[in-house]
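Novice: when you get a sec, could you give me coordinates for this:
(one chain, ligands or ions: 1)
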Amino acid sequence: MQNISQTIIGLIITASAIILHRFLRRTNIFHGLRELPGPPASSWLVGHIPQLIRLGQIGDADFAWTKKFGTAIRIKGIFGRDILFLSDPKAIQHILNLPYNYPKSPELQTFAIMVTGRGIFTADGERHALHRKVLDPAFSQTSLRSFVPAFREHSRMAMGKWRDILLQNDGVPVTIDIRSWLARLTLDSIGAAFDYDFEALSSDNENELTNVYRAVYVDTSFKPSDAVLVMQELVVHVPEFWIPALLRLPGKIMKTLKHHETAVDNVARQLITRQMQSIAGGKEGGKDIMSILVDENNALDPATQLSPYELISQMRSIVLAGHETTGATMSWLLYELALHPQIQTELRKEIVAIRRQRAPKELTLTDLESLTLLQAVIKETLRYHPTLALISRVARCDDVLALSFPPSALDNGKPIREIPISKGQRIFISVAAYNRLPSVWGEDAQEWNPYRFLQSKALRETTGIGVLSNLLTFSSGGRNCIGWRFAILEMQVMLCEIIEHFQFAPPPSNLKIKRVSANVMIPMVEEGDKEWSGLPLIVSALT
Ligand code: HEM
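Specialist: Model (predicted):
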């Protein structure tokens, strides 16, 4: 009897120790993060998450906290969890250069599996490296060059539709929801890169697929309630093999995700079958992304090859990651040009001048590269409006992070130069805040000013972050955006076509444009007490 009670007491003590240990780890009472400054949280349940993704405009909290507390801050997540909130270049660089030591945080990973399956976006470690190896050739310079005619053709198709709208209005400038058109244009452009017509532009209105994508972005993540935020945290504990069952649950979010899965998987299956049949028939494979992917995969040792499910997930990942991000960036770009008419005119002059030199031939890639203001306008928009404003990670092992800008004037008077990181530590990397650090971008970092990219590099602090001009917008390190060159090229082509022929002015004054979080940062219109996702601009035709 005594033995039994001793065993029970032993079990209770062990269980309590485990619970206490987990609690302490979670709240970081005893380690380095407790020294860091940060804003007070008004809710234990959801911490600062609403400020980041639900209240005000996206980036507002990031800018205010960074200005007040510095580039390494402690904030609160769900159930009082401490989160390291970073905009510090050295610390960010370290984390992103070790992608498998700092994988995606579990709640993001679970959601990403629900949306994209098991493709490049959700693969980890060696499997992720294999996904990149198989995909890299589809994003080579040669491959990208072959997509240019399709980018051009689809831009012209969208412009033809805008001309029709203007004609119906007797040529008088008209308000057009540019975001909806750019979402359709970028969806068709990425479809063309898969040699598939999503028919987003040719349909009279938004078609089933464009609606599905809009729903994936807006319905699943715009202004999530506290209950949804807590659910996302709890779903992490559900084993992965239950995810297909979760997608069958009732409710708007699950219904949208299931609808998206079915719609895109059907297309992906058709494309894989088409390429397999070409190979079986001895025909030369296509040059589109899926054909290259299937060919590269077939060349691998059969033991390591990607499964058909992984190939399908690959298409889901690329189409999702590749169209709305570019569409939203282009929307913000045209919005900024509408707000800065002088720069819009100067950009048009640059484009028209090179077009006159080349006519009747199309512009070459070298021509596009030579347009310095065009490059600067794209880079400045990527800096100012990063469509993925927050990158979320978790530490897989203990580590130490060195800082570029140690927070000074702490209570004990000692600046913190390094932060000890414990295994399991959640980290939010604020792309929005880093991209506007005055210490990196200058005192006018909070202004949209493309000329900063035309000044001497010496005027800006070089952080070595990212794939392009110190920007964090395409992330950095081994999990950077594989499609960044695709996005830049597509935007260059679209911009050349559109700015030459159309002029943009700000939306009517009763409409207020806000930057909101809906998986990506999208424009939201406030019209009285109504809110809708879109970006209406006043458009006039020039030629
Ligand atoms: C302006 C447009 C774009 C922006 C701002 C952007 C941004 C990003 C960012 C920040 C990441 C890292 C996410 C993370 O690790 O949590 C990422 C990853 C990715 N992007 Fe992009 N992206 C853009 C366009 C594209 C395009 C056009 C494609 C494909 C055609 C693409 C495909 C991908 C893929 C497949 C990944 C996952 C890479 C990996 O995990 O190895 N993106 N993107």
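Novice: what parts of the stretch 401-543 of the chain come near the ligand?
Specialist: T473, F474, S475, R479, C481, I482, G483, F486, A487 (C-beta under 6 Å from any ligand atom). For every residue, glycine as well, the C-beta is placed using N, CA and C.
Novice: hmm, whichever strand or helix holds K161 touching the ligand?
Specialist: K161 is part of helix 141-168, with elements assigned from DSSP states H and E. No: using C-beta under 6 Å from any ligand atom, no contact is recorded between helix 141-168 and the ligand, whose separation bottoms out at 9.4 Å.
Novice: for the residues of the stretch 401-543 of the chain next to the ligand, which one is nearest the ligand?
Specialist: Nearest to the ligand among those: G483, at 2.1 Å, using C-beta to the nearest ligand atom.
Novice: need phi/psi at the closest one.
Specialist: In this entry, G483 is assigned phi and psi values of phi -100, psi 20 (degrees, to the nearest 10).
Novice: let me know the secondary structure of the most centrally placed residue in the chain.
Specialist: Ranked by distance to the mean C-alpha position of the chain (C-alpha atoms, centre = their mean), the top residue is L388 at 3.3 Å. When classified by DSSP: H, G, I helix; E, B strand; the rest coil, L388 comes out as coil.
Novice: ok, it - contacts?
Specialist: T325, V431, T473, S475, V520, M521 (C-beta atoms under 8 Å, 6 or more residues apart in numbering).
Novice: do you know the pLDDT at the second one?
Specialist: In this prediction, V431 carries a pLDDT score of 98.
Novice: that one contacts H385, doesn't it?
Specialist: No: applying C-beta atoms under 8 Å as the test, V431 and H385 come out as separate, 10.4 Å apart.
Novice: what about the two, which has more around it?
Specialist: More neighbours surround V431 than the other of V431 and H385, with 27 against 24 (other C-beta atoms under 10 Å).
Novice: where's the more buried one relative to L229, distance?
Specialist: Using C-beta to C-beta, to the nearest Å, we find V431 at a distance of 21 Å from L229.
Novice: then M330?
Specialist: Distance of M330 to L229, given as C-beta to C-beta: 30 Å.
Novice: looking at those two, which is more packed in?
Specialist: Between M330 and L229, counted using other C-beta under 10 Å, the more crowded position is M330 (26 against 19).
Novice: next, the nearest residue to that one once chain neighbours are set aside: secondary structure please.
Specialist: Beyond its immediate neighbours in the sequence, the residue positioned closest to M330 (C-beta to C-beta, 6 or more residues apart in numbering) is L182, lying 4.8 Å away. Going by three-state DSSP, the secondary structure assigned to L182 is helix.
Novice: burial measure for L182, as a count.
Specialist: The number of residues packed near L182 is 26, by other C-beta under 10 Å.
Novice: what residues are up against it?
Specialist: Contacts here follow C-beta under 8 Å, 6+ apart; on that basis L182 touches A158, G327, A328, M330, S331, L334.
Novice: can you tell me the helix or strand for the closest residue to the ligand within the stretch 151-300 of the chain?
Specialist: Per C-beta to the nearest ligand atom, the residue of the stretch 151-300 of the chain with the smallest distance to the ligand is I190, at 5.8 Å. Using DSSP H and E, I190 maps to helix 178-193.
Novice: equivalent analysis for R74, please.
Specialist: Using DSSP H and E, R74 falls in strand 72-76.
Novice: do the same with R274
Specialist: Under the assignment given by DSSP H and E, the secondary-structure element containing R274 is helix 252-280.
Novice: next: I419.
Specialist: Secondary structure here is read from DSSP H and E; on that basis I419 sits in strand 418-421.
Novice: which SS state does L84 fall under?
Specialist: strand.
Novice: show me the contacts for K161.
Specialist: With contacts defined as C-beta under 8 Å, 6+ apart, the neighbours of K161 are W181, L201.
Novice: measure it to C397 for me?
Specialist: With distances taken as C-beta to C-beta, K161 is found 53 Å from C397.
Novice: ok so, going back, please pick the buried ones from the contacts of L388.
Specialist: With burial judged by 16 or more other C-beta atoms under 10 Å, the buried subset of those is T325, V431, T473, S475, V520, M521.
Novice: among the residues you listed, which lie within strands?
Specialist: With strands taken from DSSP state E, the overlap with those comprises V520, M521.
Novice: sort the buried ones among the contacts of L388 by pLDDT and name the bottom one.
Specialist: Ranked by pLDDT, these bottom out at V520 (85).
Novice: counting neighbours, what do you get for the closest residue to that one other than its chain neighbours?
Specialist: Residue nearest to V520 in three dimensions, not counting chain neighbours: T387, with 4.4 Å by C-beta to C-beta, 6+ apart. By other C-beta under 10 Å, the residues close to T387 number 23.
Novice: ok, F474 next?
Specialist: Tallying neighbours of F474 according to other C-beta under 10 Å, which is how burial is gauged here, yields 21.
Novice: repeat for G424
Specialist: Counted by other C-beta under 10 Å, the residues lying close to G424 total 16.
Novice: how about it, secondary structure?
Specialist: Here G424 is coil, with the state taken from three-state DSSP.
Novice: let the chain start at 448 from now.
Specialist: Fine by me, first position is 448 from now on; the one you just mentioned is G871.
Novice: against the ligand, how distant is it?
Specialist: With distances defined as C-beta to the nearest ligand atom, to the nearest Å, the gap from G871 to the ligand amounts to 18 Å.
Novice: that residue against R840, yeah?
Specialist: No: shown here, G871 and R840 do not form a contact pair, counting by C-beta under 8 Å, at 11.5 Å.
Novice: below-threshold pLDDT in the stretch 698-847 of the chain: ranges please.
Specialist: Flagging of the stretch 698-847 of the chain using pLDDT under 70 yields the residue ranges 731-732.
Novice: phi, psi for the closest residue to the ligand within it please.
Specialist: Taking C-beta to the nearest ligand atom, the ligand has its nearest neighbour within the stretch 698-847 of the chain at G769, 3.0 Å off. Backbone torsions for G769, taken as degrees, to the nearest 10, come to phi -100, psi -20.
Novice: that one contacts F933, doesn't it?
Specialist: Yes: in this structure, G769 is within contact of F933 by C-beta under 8 Å, at 6.8 Å.
Novice: how close does the closest residue to A519 other than its chain neighbours sit to I863?
Specialist: Counting by C-beta to C-beta, 6+ apart, the nearest residue to A519 once its immediate chain neighbours are dropped is D535, at 5.2 Å. As for D535, its distance to I863 is 11 Å (criterion: C-beta to C-beta).
Novice: in terms of packing, which of the two has more residues around it?
Specialist: In terms of neighbours (other C-beta under 10 Å), D535 is the more surrounded of D535 and I863; the figures are 30 against 17.
Novice: give the contact list for the more buried one.
Specialist: Applying C-beta under 8 Å, 6+ apart, the residues contacting D535 are G517, T518, A519, L850, S851, F852, Y881.
Novice: let's have these in JSON lines, adding distance to W491 and secondary structure.
Specialist: As requested, the contacts of D535 are arranged in JSON lines below (distance: C-beta to C-beta, whole Å; DSSP: H, G, I helix; E, B strand; the rest coil):
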{"residue": "G517", "distance to W491": "25", "secondary structure": "coil"}
{"residue": "T518", "distance to W491": "26", "secondary structure": "coil"}
{"residue": "A519", "distance to W491": "23", "secondary structure": "strand"}
{"residue": "L850", "distance to W491": "28", "secondary structure": "coil"}
{"residue": "S851", "distance to W491": "32", "secondary structure": "coil"}
{"residue": "F852", "distance to W491": "30", "secondary structure": "coil"}
{"residue": "Y881", "distance to W491": "28", "secondary structure": "helix"}
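Novice: which of those residues lies closest to the ligand?
Specialist: Comparing these against the ligand with C-beta to the nearest ligand atom picks out Y881 as the nearest, at 11.7 Å.
Novice: excluding chain neighbours, what is closest to the closest one?
Specialist: Closest residue to Y881 apart from its sequence neighbours, by C-beta to C-beta, 6+ apart: S534 at 4.3 Å.
Novice: list the buried ones in the helix holding R721?
Specialist: For helix 699-727, the neighbour count (16+ other C-beta under 10 Å) marks 700, 702-708, 711-712, 714-715, 718-719, 721-722, 725 as buried.
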